[in-house]
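Asker: Fold the following, please.
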Amino acid sequence: MINRELIRIKIVQLTYAYYQNGNKLMDSAEKELLFSLSKAYDLYNYLLELIVAVTQEERNRVEVATKKAEREGQPMPSQKFAYNKFAVQLEENKMLQEFAETQKQSWANSVEFVRGLCNQIEQSQAYADYMADTDDSYEADREIWRKIYRQLIQENEALDQLLEEQSLYWNDDKEVVDTFVLKTIKRFDPKNKAKQELLPEYKDLEDKDFAVKLFRSTILNADQYQRYMSETSRNWDFSRLAYMDVVIMQIAIAEMLTFPNIPISVTINEYVDLAKLYSTPKSGGYINGMLDSIARYLVSTGKLMKTIEDRPQRRQAPRRPMTPRLNRAQAALEEGEVLRSRYAAQAEEQAEQNDEERED
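Answerer: Next up is the predicted model:
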């Protein structure tokens with residue numbers, strides 16, 4: 001489940017935090033990275049558990065409504081949503097049950113939120129259409145939950161706030177994790193019953209190794225990578241450089257040099273997107289130009305054995321607006337705290353000296 005997009009996001013955050021933290025212990029930082037990634041997998045399971053919690057609340061409501069109908073001689077309430085076939089299968093899922101028992105996480109302490117979400121669901125058009133439809137197939141039951149998740153859970157500020165209160169590690173994770181929850185819903189097959197497999201924490205060991213190697217290379221070779229920035233920055237104004245830009249370019253250079261199978265264009269595009277997300281408004285264009293220059297320099301000097309291919313403009317998927325809660329780096333930048341790299345300071349000092357020499 002943990003893919004390279006999420007890994008890159010975490011490494012940007014953890015690298016920034018590493019340099020802001022006085023205790024620069026590599027082993028501790030690496031453990032923090034892996035723990036942060038594991039929390040993303042916890043969130044994936046926790047959001048699946050939310051579907052179960054809603055189903056159980058709906059079942060309680062049906063039970064109460066049934067007793068009332070029996071007392072008053074009224075028609076019995078529909079059990080269609082409360083016993084939704086997909087949700088029942090998810091509730092019985094062995095992997096999800098094992099997670100709940102191991103992690104001791106449940107929605108029992110967030111009953112008011114669950115009830116509020118049930119109210120939203122019951123008031124939605126998707127729910128009304130589902131309840132009115134005579135189709136009682138498993139596919140219809142699975143599809144209603146995909147619709148509910150996309151419409152009422154994926155974009156839910158109250159849920160975002162609740163998750164933030166429960167774990168600071170979940171600040172930036174939900175947008176990526178949501179896509180995996182939807183993928184999981186789509187993959188569910190009634191034939192698998194309780195043994196339906198959920199997504200694994202890592203697709204394979206290669207992705208976990210990618211995280212560790214990229215982070216270590218970023219930190220351990222920092223001076224060398226920053227020299228490459230300095231040597232190729234003659235045509236760029238370093239006074240415009242935010243500290244987050246230095247961090248992002250440092251990680252991008254590490255990826256270019258450490259992973260021969262990842263094309264240069266893929267690396268640059270990924271970190272340009274991250275710059276747009278985490279740094280200043282102009283950082284995307286600036287980092288795009290800088291990384292292109294650095295890549296060409298590394299190839300021309302034989303330090304990077306890759307080819308530089310054309311990079312067609314790609315359409316970037318829309319993201320939710322960022323909020324100050326996301327992380328220390330984003331908050332600092334939104335408050336106008338633009339930190340300069342040591343090379344930026346050197347460039348400014350050199351410019352001042354040149355001005356003084358011209359005045360003399």
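Asker: can we go C-alpha only for contacts and neighbour counts from here?
Answerer: Fine.
Asker: pLDDT weak spots in this structure?
Answerer: Counting by pLDDT under 70, the chain has low-confidence residues at 23, 235-240, 310-360.
Asker: The one helix or strand Ser36 maps to - contacts with which helices or strands?
Answerer: Using DSSP states H and E, Ser36 sits within helix 26-72. Packing partners of helix 26-72 (3 or more C-alpha pairs under 8 Å, 6 or more residues apart in numbering; DSSP states H and E): helix 4-20, helix 85-91, helix 94-103, helix 111-123, helix 174-187, helix 205-220.
Asker: pull the CA atoms of the third one into PDB?
Answerer: Pointing back at helix 94-103 there. What follows is helix 94-103 as a C-alpha-only set of coordinates in PDB (Å, rounded to 0.1, in the frame of the first residue of the first chain):
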ATOM      1  CA  LYS A  94      -9.700 -11.700   9.200                       C
ATOM      2  CA  MET A  95      -7.000  -9.200   8.400                       C
ATOM      3  CA  LEU A  96      -9.000  -6.200   9.600                       C
ATOM      4  CA  GLN A  97     -10.000  -8.000  12.700                       C
ATOM      5  CA  GLU A  98      -6.400  -8.900  13.400                       C
ATOM      6  CA  PHE A  99      -5.300  -5.300  13.000                       C
ATOM      7  CA  ALA A 100      -8.000  -4.100  15.300                       C
ATOM      8  CA  GLU A 101      -7.000  -6.600  18.000                       C
ATOM      9  CA  THR A 102      -3.300  -5.800  17.600                       C
ATOM     10  CA  GLN A 103      -3.400  -2.000  17.400                       C
END
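Asker: can you pull the buried residues of it?
Answerer: 94-96, 100 (16 or more other C-alpha atoms under 10 Å).
Asker: Go through these and name the one nearest Gln13.
Answerer: Nearest to Gln13, judged by C-alpha to C-alpha, of the buried residues of helix 94-103 is Ala100 at 28.0 Å.
Asker: So the closest one sits against Ser106, correct?
Answerer: Yes: using C-alpha atoms under 8 Å, Ala100 is in contact with Ser106, at 6.8 Å.
Asker: Does Trp107 touch Leu50 like I think?
Answerer: Yes: in this structure, Trp107 is within contact of Leu50 by C-alpha under 8 Å, at 6.8 Å.
Asker: what touches both of the two?
Answerer: Val114 (C-alpha atoms under 8 Å, 6 or more residues apart in numbering).
Asker: Can you tell me how far the closest residue to Val177 other than its chain neighbours is from Asp292?
Answerer: Once flanking residues are discounted, Val177 sits nearest to Tyr44: 5.8 Å by C-alpha to C-alpha, 6 or more residues apart in numbering. Tyr44 sits 36 Å away from Asp292, going by C-alpha to C-alpha, to the nearest Å.
Asker: Please apply the same query to Val54.
Answerer: 49 Å.
Asker: These two: who's more crowded?
Answerer: Neighbours per residue (other C-alpha atoms under 10 Å) separate Val54 from Asp292, with Val54 holding more: 22 against 16.
Asker: re earlier: would you turn the buried residues of helix 94-103 into CSV with distance to Asp178?
Answerer: Listed next are the buried residues of helix 94-103 as CSV, based on distance: C-alpha to C-alpha, whole Å:
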residue, distance to Asp178
Lys94, 21
Met95, 19
Leu96, 16
Ala100, 19
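Asker: Can you pick out the most distant pair from those?
Answerer: The widest separation within those (C-alpha to C-alpha) is 9.9 Å, between Lys94 and Ala100.
Asker: Thr267 is in what secondary structure piece?
Answerer: Assigned by DSSP H and E, Thr267 falls in helix 264-278.
Asker: got the contact list for that helix?
Answerer: With C-alpha under 8 Å, 6+ apart, helix 264-278 has contacts from 5, 9, 244-245, 248-249, 252, 255-256, 282-285, 287-288, 291-292, 295, 306-311, 322, 329-330.
Asker: Out of these, name the ones that lie in helices.
Answerer: Judged by DSSP state H, these include 5, 9, 244-245, 248-249, 252, 255-256, 283-285, 287-288, 291-292, 295, 329-330 as members of helices.
Asker: Report the separation between Pro77 and Val64.
Answerer: According to C-alpha to C-alpha, Pro77 stands 10 Å off from Val64.
Asker: Mind checking which of these two has more residues around it?
Answerer: Counted by other C-alpha under 10 Å, Pro77 and Val64 do not tie: Pro77 has more neighbours, with 15 against 12.
Asker: burial count for Pro281?
Answerer: Pro281: 11 surrounding residues under other C-alpha under 10 Å.
Asker: Please report phi then psi for it.
Answerer: phi -60, psi -30 (degrees, to the nearest 10).
Asker: mind checking how far it is from Asp172?
Answerer: In terms of C-alpha to C-alpha, Pro281 sits 19 Å off from Asp172.
Asker: Arg71 now?
Answerer: According to C-alpha to C-alpha, Arg71 and Asp172 sit 49 Å apart.
Asker: Compute the number of surrounding residues for Ile153.
Answerer: Neighbour number of Ile153 under other C-alpha under 10 Å is 20.
Asker: More neighbours: which of Arg71 and Asp172?
Answerer: Using other C-alpha under 10 Å, the more surrounded residue of Arg71 and Asp172 is Asp172, with 21 against 9.
Asker: Check the gap between that one and Lys10 for me.
Answerer: Distance of Asp172 to Lys10, given as C-alpha to C-alpha: 9 Å.
Asker: For the closest residue in space to Tyr225 that isn't next to it in sequence, give me its contacts.
Answerer: For Tyr225, ignoring the flanking residues on the chain, the nearest one in space by C-alpha to C-alpha, 6+ apart is Gln250 at 6.0 Å. Residues near Gln250 by C-alpha under 8 Å, 6+ apart: 218, 222, 225-226.
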